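Enquirer: Provide a 3D model corresponding to the input given below.
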Amino acid sequence: MQRAKTTLYFTVLLMFLMLSAPLTAQKKDKTKEKGNAANLPGVVWRDPGDVASLNLLYGAGGKEHAPDPNGKFTFVKEDAQGTSPKFDVTDDQGVHWKVKLGQEPQSETAATRLLWAAGYFVDEDYYLAEFKVTSMPKLHRGGKFVSADGTVHRARLERKSKEMEELGTWDWFANPLQGKREFNGLRVMMSLVNDWDISTNNNSIYEIGDERRYVVSDLGASLGKTGNNFTRSKSSPRDYARSKFIKKSNSEFVDFVMHSRPFFLSVINIPNYRARTRMEQIAKHIPRDDAKWLGQRLSQLSEEQVSDCFRAAGYTPEEIAIYTQAVRKRIAELNAL
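Expert: Residues are numbered from 1 along each chain as shown. All right, here's what the predicted structure looks like:
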């Protein structure tokens, strides 16, 4: 009897080891893949080709990847991360989307198109005035943007690609792209769109194919006015148009306007105060030639293309006109350096 129990024990143990071997190998493979990803070339920019032919109404994903506002969307889960209400859905084609509500959907949709037009990698963002979601529960955040029948209002939908793996975040002050013209151009773009929340948490590294793409993956806190907690804004056409772009320049370098230092009484939170104050350096001491290079590329955009960025984001005709004029004015300032 004891011998039979011993035989049974070793048989079960052998079966367990045989079944767990593939899982162990899979874990090793994943670790190996992560290690290999670190050796892939890091890129932040790619020549988009004929800038004048870019379709900025649909952006990086194009018309073929745009969500169908009349399609079927199914709720997956709510996302508690960040300051904006977010949740995940899938459409009837099996595509996964990250939905963002609140103040940022319009500004983020427009800003991604401006960065993409300049040649930078961005998420595939689309704005929908409304669409319906089945199995929609009561959200912990953003419930006011959802009707009782599951209709979601004023949302940004970010398309998730199966070919893309997110590796982590990157730091503006410590990355392999420092000093490169294209990276300096990205620094200028942050000031051009008035993005005041340029923290590490809003930057992502994506592994796609045989490269690591450095992406500013959250551009929602833009197209308003930079400043502290009491003076800054986002998705505000008039604030954006009234704000200054270039602070000062000389024959070699340019400082752009970027206010992110918190109100002085909030210095009690020393780590946040230091981090926010340091952000302002991202827009300073940028080589004049690099800033001018970016301006020359953006100057290839027509007035209609610039307008399409804001038309795609659901702004009113009056707001589109204000933004278009302000953006074209900033591009002209770059070219005048």
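
Enquirer: Tell me where the model's unsure across the stretch 151-300 of the chain.
Expert: 261-270, 272-273 (pLDDT under 70).

Enquirer: Now do the helices in it.
Expert: Assignment of helices within the stretch 151-300 of the chain using DSSP state H, counting those that start in this stretch yields the ranges 181-192, 237-242, 270-279, 288-298.

Enquirer: May I see those arranged in a markdown table, with mean neighbour count and distance to L334 as well?
Expert: Quick note: C-beta positions are derived from backbone N, CA and C, even for glycine. Below are the helices of the stretch 151-300 of the chain laid out as a markdown table (neighbours: other CB atoms under 10 Å; distance: least, CB to CB, whole Å):
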| stretch | mean neighbour count | distance to L334 |
| --- | --- | --- |
| helix 181-192 | 22 | 7 |
| helix 237-242 | 17 | 16 |
| helix 270-279 | 14 | 21 |
| helix 288-298 | 19 | 3 |
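
Enquirer: And the ones you listed: which comes nearest R156?
Expert: Among the helices of the stretch 151-300 of the chain, helix 237-242 comes nearest to R156, with 17.5 Å by CB to CB.

Enquirer: in the stretch 151-300 of the chain, which spans are strands?
Expert: For the stretch 151-300 of the chain, the strands defined by DSSP state E, counting those that start in this stretch occupy 151-160, 164-168, 203-208, 211-216, 246-249, 253-256, 286-287.

Enquirer: quick one on the thing from earlier: export the helices of the stretch 151-300 of the chain to JSON lines and tack on distance to S135?
Expert: Formatted as JSON lines, those follow (distance: least, CB to CB, whole Å):
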{"stretch": "helix 181-192", "distance to S135": "38"}
{"stretch": "helix 237-242", "distance to S135": "36"}
{"stretch": "helix 270-279", "distance to S135": "38"}
{"stretch": "helix 288-298", "distance to S135": "43"}
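
Enquirer: any idea which of the strands of the stretch 151-300 of the chain is most buried?
Expert: strand 211-216 (a mean of 22; mean count of other CB atoms under 10 Å).

Enquirer: who are the neighbours of it, in terms of helices and strands?
Expert: strand 42-43, strand 203-208 (3 or more CB pairs under 8 Å, 6 or more residues apart in numbering; DSSP states H and E).

Enquirer: Would you pull up how far stretch 173-182 lies from the middle of the chain?
Expert: 18 Å (CA atoms, centre = their mean, to the nearest Å).

Enquirer: go on, stretch 217-231?
Expert: For stretch 217-231, the distance to the chain centre is 14 Å (CA atoms, centre = their mean).

Enquirer: For that stretch, output the C-alpha coordinates as PDB.
Expert: The C-alpha coordinates for stretch 217-231 follow below in PDB (Å, rounded to 0.1, in the frame of the first residue of the first chain):
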ATOM      1  CA  SER A 217       1.500  59.600 -24.400                       C
ATOM      2  CA  ASP A 218      -0.600  62.100 -22.500                       C
ATOM      3  CA  LEU A 219      -1.000  65.500 -24.100                       C
ATOM      4  CA  GLY A 220      -4.300  66.400 -22.400                       C
ATOM      5  CA  ALA A 221      -3.000  69.300 -20.200                       C
ATOM      6  CA  SER A 222      -2.400  71.500 -23.300                       C
ATOM      7  CA  LEU A 223      -3.800  74.200 -25.600                       C
ATOM      8  CA  GLY A 224      -4.600  76.500 -22.700                       C
ATOM      9  CA  LYS A 225      -2.200  78.500 -20.600                       C
ATOM     10  CA  THR A 226       0.800  77.200 -18.600                       C
ATOM     11  CA  GLY A 227       1.100  78.200 -15.000                       C
ATOM     12  CA  ASN A 228       0.500  77.200 -11.400                       C
ATOM     13  CA  ASN A 229      -2.500  75.500  -9.900                       C
ATOM     14  CA  PHE A 230      -4.500  78.800 -10.000                       C
ATOM     15  CA  THR A 231      -3.500  80.300 -13.300                       C
END
